[in-house]
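J.: A predicted structure for the sequence below; I have some questions about it.
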Amino acid sequence: MAVRQKINVFLLLMAIGLLAGCAGTSSDGGSYSWGWYIFNPLEAKGVSNLQFLAGGIWATILVSLCAIGLSVILGAVVAMAGLSGNKHLKLVSRGYVELFRSVPLLVLLLWVFYGLPVSDSAFEAEVFRAGIQSVPKGQIEAAKSLGLTWAQQMRFVVFPQAIKIILPALGNQFVYVIKMSSLVSVIGLQEFTRRANELNVNEYRPLEIYTLLVVEYLVLILVVSYLVRRMERRLTTTN
């Protein structure tokens, strides 16, 4: 098990322990009685609650994939503008990055309703810029000497080398997007957090419901981290 996975599992166990400790007594001095029966797979109600809560995974994944996909495209465009020789494009690129890095994500979300891709693209632009600038200048000069156009230099020389540097950062950013996707619950999208809130209104067992919510997010993030590491290893072995 990777170090990051061990840390995530440790944090999960610690969080559950803290929740259990906080739930040991209620506000009136009495002891808290856990109600895991609401997720009892042997009862129809428990199965229904589990299915309802787990059903939010599709909205969570869809929002995250759309956000990371659009942000990567926008980020690449903004990064290219910032690295171009045109001072006006550089100014627009820098202004875009600073604007969307400075405004809180929730404010953007409420402003444009689905602001996650727009905001995240500013961070992706910095990831692309750093990755592209890490390619040795000698490689670019060699590509120019072969008569390659700027687009060909990017496609055949720069990006194949930069992607190995960019991918880990993109993986970390994808994990960040998954966690931040919980913010779309405020606009009613039926993802993990929204469903947990609705289930809590019906059952009023917040500790049990939100503990399971923590587990759902952790499992999803561990799966994503594993897939990203596999892609990193494949790129390392094929290049």
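T.: Noted; the coordinates are in hand.

J.: can you report phi and psi for Leu218?
T.: Main-chain torsions, Leu218, degrees, to the nearest 10: phi -60, psi -50.

J.: Glu191 now?
T.: phi -100, psi -170.

J.: Asp120 versus that one, what's the distance?
T.: According to Cβ to Cβ, to the nearest Å, Glu191 stands 16 Å off from Asp120. Any C-beta I mention is one placed from the backbone N, CA and C, and that applies to glycine too.

J.: what about the residue most central in space within the chain, which helix or strand?
T.: By Cα atoms, centre = their mean, the chain has its centre lying nearest to Val177, at 2.3 Å. Under the criterion of DSSP states H and E, Val177 resides in helix 159-180.

J.: what lies in contact with that helix?
T.: 60, 64, 67-68, 71-72, 105, 116, 120, 123-124, 127-128, 130-132, 134-135, 139, 217, 220-221, 224-225, 228-229, 231-232, 235-236, 239 (Cβ atoms under 8 Å, 6 or more residues apart in numbering).

J.: which of those fall in strands?
T.: Among those, the subset assigned to strands under DSSP state E is empty.

J.: buried only: go through these for me.
T.: Taking 16 or more other Cβ atoms under 10 Å as the criterion, what is buried in the contacts of helix 159-180 is 60, 64, 67-68, 71-72, 116, 120, 123-124, 127-128, 131-132, 135, 217, 220-221, 224-225, 228-229.

J.: helices of the chain, residue ranges please.
T.: In the chain, the segments counted as helices under DSSP state H are 3-22, 44-54, 57-83, 87-102, 105-112, 116-133, 137-145, 150-153, 159-180, 192-203, 206-238.

J.: ok, which of these comes nearest Val186?
T.: Val186 lies closest to helix 105-112 among the helices of the chain, at 7.2 Å (Cβ to Cβ).

J.: same for that closest one, what does it pack against?
T.: For helix 105-112, the contact count by 3 or more Cβ pairs under 8 Å, 6 or more residues apart in numbering; DSSP states H and E identifies helix 116-133 as packing neighbours.

J.: quick one, the helix it packs on and helix 57-83 angle?
T.: Helix 116-133 and helix 57-83 are oriented at 50 degrees to each other (axes from the mean of the first three to the mean of the last three Cα atoms, to 10 degrees).

J.: state the mean pLDDT of helix 116-133.
T.: Mean per-residue pLDDT for helix 116-133: 77.

J.: do stretch 73-82 as well
T.: Mean predicted confidence for stretch 73-82 is 85.

J.: can you pull the buried residues of it?
T.: In stretch 73-82, counting by 16+ other Cβ under 10 Å, buried: 74-82.
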